[in-house]
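**Q** Give me coordinates for this.
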Amino acid sequence: MRAAQWRSWSGSLAFLPFEQAAFDGATASAARHALGLRAGDTLHLALAPAHGCKLVTLDQRLAKAAVELSVPVAEM
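**A** Model (predicted):
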């Protein structure tokens, strides 16, 4: 992704509320050690689909884990 493309998206970013279910989902993802996720990654993966969002990331490991967990990922 190019910097200009990121800037065009940055105005539409929003803060999402954390529910207990997000932490529960993050815990389940973290338990799948083969995915190699960090704690913050697991929260992003839990929050995005809970709010009807696609994950946008430059992190290929995170994008691969999202696909494995059936989390929608934006095309780059």
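**Q** Look at Leu62 and say how many residues are nearby.
**A** 21 (other C-beta atoms under 10 Å). C-beta here means a position set from N, CA and C on the backbone, and glycine is covered the same way.
**Q** Check the secondary structure at the closest residue to it other than its chain neighbours for me.
**A** Leaving aside its sequence neighbours, Leu62 sits nearest to Asp41 (C-beta to C-beta, 6 or more residues apart in numbering; 5.2 Å). Here Asp41 is recorded as helix under DSSP: H, G, I helix; E, B strand; the rest coil.
**Q** Please tell me how far Asp41 sits from Gly11.
**A** Distance of Asp41 to Gly11, given as C-beta to C-beta, to the nearest Å: 24 Å.
**Q** more crowded one of those two?
**A** Applying other C-beta under 10 Å to Asp41 and Gly11 shows that Asp41 carries more neighbours, namely 21 against 6.
**Q** in terms of contact, does the more buried one touch Ala65 like I think?
**A** Yes. Using C-beta atoms under 8 Å, Asp41 is in contact with Ala65, at 7.1 Å.
**Q** Name all residues that sit in contact with those two at the same time.
**A** Taking C-beta atoms under 8 Å, 6 or more residues apart in numbering as the contact rule, Asp41 and Ala65 both touch Ser29.
**Q** Contacts for the least confident helix or strand in the chain by mean pLDDT, please.
**A** Using mean pLDDT, DSSP states H and E, the weakest-scoring helix or strand in the chain turns out to be helix 3-10, at a mean of 73. Around helix 3-10, the neighbours that count as contacts under C-beta under 8 Å, 6+ apart are Val56.
**Q** Put the alpha carbons of it into CSV.
**A** Coordinates of each C-alpha in helix 3-10 appear next as CSV, following Å, rounded to 0.1, in the frame of the first residue of the first chain:
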residue,chain,number,x,y,z
ALA,A,3,1.4,6.3,1.7
ALA,A,4,-1.1,8.3,-0.4
GLN,A,5,-3.6,5.4,-0.2
TRP,A,6,-3.2,5.1,3.6
ARG,A,7,-3.8,8.9,3.9
SER,A,8,-7.0,8.6,1.9
TRP,A,9,-8.3,5.9,4.3
SER,A,10,-7.1,7.5,7.5
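**Q** Sketch out the low-pLDDT regions of this structure for me.
**A** When residues are selected by pLDDT under 70, those of the chain lie in 1, 6, 76.
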